[in-house]
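Asks: Let me see the structure of the following:
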Amino acid sequence: MSNNLTIIDKDYTQWVEDLSVRYQQSQIRASVKVNTEMLKYYWELGRDIEEMHVEERWGQGVIKNLSVDLQRKNPNAKGLSRTNIYYAKKFYLLYSKYVEFVPQTAGQLEGDDKSHVSTSEIVPQAAGQLGDILFSIPWGHHRCLMDKYSNEPLKAFFYLQKTMEEGWSRDMMLNYMDSNLFEREGKALTNFTRTLPEVTSELAQELTKDPYNFAFTGIIGRYNEGKLKEALLSNISQFLLELGTGFAYVGKEFRLQIGEKEKFIDLLFYNLKLSCYVVIEVKIGEFDFQDLGQLSGYVVACNHLLRKEGRDNPTIGLLICRQKDSLLAQYALEGSNLPLGISEYDLSQLYPEKVEGTMPTIEEIESKLNEKV
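Replies: Down below sits the predicted model:
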């Protein structure tokens, strides 16, 4: 069938009428909830295309015709292009196997007076975590995810969830996708499940990565630990971004007076989500047992000298090295009752440049540190 051929079929005509009415209704509700209502409309449109087998019934050119017909019925409409309709189909296909829907009336959904609502006016409401997030993320984000993860709904949902939690812009989400955050987040070798309370250990693990992406330092030749640490701190915004939301920088070569000795922590941070100090040691070589011994000493010292009882949770230590033998690292972690983690770093991957909105403000840090005093 020609793409320009007008379709004369009562089922098709009725479907166009029905979609037009739904679109107009969504626009009315969109004055309050723009993104949610349009996403629900796209979901229903994609569902219709699949369940009605429209391309089999009316030919491959039906989507172009549908776009023209819907825009003719809704001359001021935006978002009814042929491209968007194809995305609506992909939207439904990507998540439909993972979302359960329960029928609710439009009145129930919006909290309106239900006396005027017919029981036949049923609107799908997504159930569960995926459903709650699915209709809360901008359509532009969804389109980017569909382009890259059209057959990987779990990956797509990971970035949807992070966008919801962190308030990522579209560019920020794309940057994290490019840096393979899904594959890296929470992957550090740790002993957190044994050394921290269950809720805290899960969050602490989630805040780790392996490998850490230090490509933003620009280091491409020979370097020593001092040069790497200087490069990390010269790009502190990107470093904090890579560590994750909630990390606040406390100091480099942070001095601890222990008896008659002075000791210096490579990098000291405070994590607002965990309410604890985080000691980070960076090693340019391969991990060995003695590296964790040094880190453990710093963690104990921070608990004695910096941690405030009732305000701060136990200090966490993280060793970031160029390379590690996983079995050796696991043995080392089993020998400690302190919450410790071991990760590698990578200098070669591309890294996002946009970092706005990812770091805690001074007010947030001070508020968090003083709220329990």
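
Asks: Please report how far residue 200 lies from residue 314.
Replies: As judged by C-beta to C-beta, to the nearest Å, residue 200 and residue 314 stand 9 Å apart. The way it works is simple: take the backbone N, C-alpha and C, and place the C-beta from them, glycine included.

Asks: typo on my end, residue 302
Replies: 9 Å.

Asks: and the two? which has more neighbours close in?
Replies: residue 302 (23 against 17; other C-beta atoms under 10 Å).

Asks: so what's the more buried one closest to, chain neighbours aside?
Replies: In space, and not counting its chain neighbours, residue 302 is closest to residue 315: 4.2 Å by C-beta to C-beta, 6 or more residues apart in numbering.

Asks: mind exporting stretch 58-71 as CSV, just the C-alpha atoms?
Replies: What follows is stretch 58-71 as a C-alpha-only set of coordinates in CSV (Å, rounded to 0.1, in the frame of the first residue of the first chain):
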residue,chain,number,x,y,z
TRP,A,58,-3.4,-1.4,7.3
GLY,A,59,0.1,-1.7,5.9
GLN,A,60,3.6,-0.4,6.8
GLY,A,61,2.6,3.1,5.8
VAL,A,62,0.0,3.3,8.4
ILE,A,63,2.2,5.2,10.9
LYS,A,64,2.7,8.1,8.5
ASN,A,65,-1.0,8.2,7.7
LEU,A,66,-1.8,8.1,11.4
SER,A,67,0.5,11.0,12.1
VAL,A,68,-1.2,13.1,9.4
ASP,A,69,-4.7,12.1,10.4
LEU,A,70,-4.1,12.9,14.1
GLN,A,71,-2.5,16.2,13.4
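
Asks: Rounded mean pLDDT for that stretch, please.
Replies: Stretch 58-71 shows a mean pLDDT of 93.

Asks: Give me the buried positions along that stretch.
Replies: Residues of stretch 58-71 classed as buried by neighbour count (16 or more other C-beta atoms under 10 Å): 58, 61-63, 65-67, 69-71.

Asks: And stretch 157-173, by the same measure?
Replies: Residues of stretch 157-173 classed as buried by neighbour count (16+ other C-beta under 10 Å): 157-160, 162-164, 166, 168-169, 172-173.

Asks: quick one: the residue nearest to residue 302 and residue 280 touch, right?
Replies: No - applying C-beta atoms under 8 Å, one finds residue 315 not in contact with residue 280, separated by 11.2 Å.
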